[in-house]
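[1] Mind folding the following:
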Amino acid sequence: MSRVAVIGAGTMGHALALVFALGGHQVRLTDSNEATLARAQGLMEKALATLVEGGEAPADWTSGHLAQSVTRHPSLAEAVDGAELIVEAIIETPEAKRALFAQLDALAPADAIIASNTSHLDVFPLIPAARQARALIAHWYTPPYLVDLVDVIPGPQCEPAVFEGVMQTLRDMGKQPLGLKKFVPGYVANRIQAAIGLEVQHLLDEGVATAPEIDAAIIHGLALRLPILGVFAKADFTGLALSQAILSNKSYAPPPVRGRSDTLDTLVAEGRTGVLAGAGYYDWPQDPATLFEARDRRLIALKQAMREIGTMAGLERGT
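    Below is the predicted model:
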């Protein structure tokens, strides 16, 4: 696969365009929002410069090299013309995705592979019948140019060769594809993250702890061991008899699934929607590109340290 079209140039889309470009592919990027498409170039250049400086991208990759490898196109038809792989990275609503897949059915090459980056939606019922044999989910984590995990789920009618081809393409790009046998909302990592999210929102809404305090508990307690051991290897080190006792402890009850959070609803109503808005749970006075750079520098340092340290349970062992 050498010709890739990325549909959606937002938080994930522009980053995926950079990932595939660094992986040796020619990328066409498009978005229905002109401002989002225009902003993508600067965000890609900023991320690329950070990767080059940190040793995670070739030193000869300049903004000029990026401009040759990733081109931006306001027209969907132009973006998918001749595409071998089409990466869908638009808003997470069934209506929007169904409409896009219908457009792709009319515009894209008949043999193009359609890969959706959906986090939770079962997109396969939204994809036209003629495209089912070459449709799958390839779900990335942000920022995808540093986080290597990619969930890959074949559609119910997806040809095995298509699935294996995408898996190999991702491996060739240095990624860690996790092939699942069937679709489940959230896959593996996001389902675990959703459970954590449910608990932390409950703790926050109930006034047990503040957002910075909850983050501190995760960073200095939970997170330190997970990169080295994962969950099940950590249980082995702790002792399975203790895990058994914890499971039988009736004093803990998971928080109810309400589908909302008072704190979160208030923040969104106030326009505090996250880094791009300048505020969320925290105030973010710097511009988003600077904040993304600061995050990426730290992730690069952590990723490089993890390569040196190694893990005691992980995908790289093939287990």
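[2] dump the residue contacts of the residue minimising distance to the centre of the chain.
    In the chain, the C-alpha nearest the mean C-alpha coordinate belongs to residue 141, at 2.0 Å (CA atoms, centre = their mean). Counting by CB atoms under 8 Å, 6 or more residues apart in numbering, residue 141 makes contact with 147, 149-150, 189. Where C-beta positions appear, they are placed from N, C-alpha and C, glycine not excepted.
[3] try 6 Å
    By CB atoms under 6 Å, 6 or more residues apart in numbering, the contact list for residue 141 reads 147, 149.
[4] Please apply the same query to the one 4 residues further on.
    Each residue near residue 145 by CB under 6 Å, 6+ apart is listed here: 15, 18-19.
[5] repeat that for 7 Å
    15, 18-19, 22, 47, 51 (CB atoms under 7 Å, 6 or more residues apart in numbering).
[6] Same check on residue 227?
    Counted by CB under 7 Å, 6+ apart, residue 227 has contacts 306, 311.
[7] In a strand, it, correct?
    No. Counting by DSSP: H, G, I helix; E, B strand; the rest coil, residue 227 is not part of a strand but helix.
[8] How much space separates it from residue 233?
    Between residue 227 and residue 233 the distance is 11 Å, computed by CB to CB, to the nearest Å.
[9] just residue 105 next, same as before
    On the measure of CB to CB, residue 105 and residue 233 end up 45 Å apart.
[10] swap in residue 264?
    Distance, residue 264 to residue 233, using CB to CB: 33 Å.
[11] ditto for residue 222
    Distance from residue 222 to residue 233, by CB to CB: 15 Å.
[12] Which one of these two is surrounded by more residues?
    Legend: neighbour count by other CB atoms under 10 Å for residue 222 and residue 233, higher for residue 233 (17 against 11).
[13] CA atoms only: put the host helix or strand of that one into PDB for me.
    Assigned by DSSP states H and E, residue 233 falls within helix 232-238. The C-alpha coordinates for helix 232-238 follow below in PDB (Å, rounded to 0.1, in the frame of the first residue of the first chain):
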ATOM      1  CA  PHE A 232      -2.000  -9.800  34.700                       C
ATOM      2  CA  ALA A 233       1.700  -9.900  35.200                       C
ATOM      3  CA  LYS A 234       1.300  -7.400  38.000                       C
ATOM      4  CA  ALA A 235      -1.300  -9.800  39.600                       C
ATOM      5  CA  ASP A 236       1.200 -12.600  39.400                       C
ATOM      6  CA  PHE A 237       3.800 -10.600  41.300                       C
ATOM      7  CA  THR A 238       1.200  -9.600  43.900                       C
END
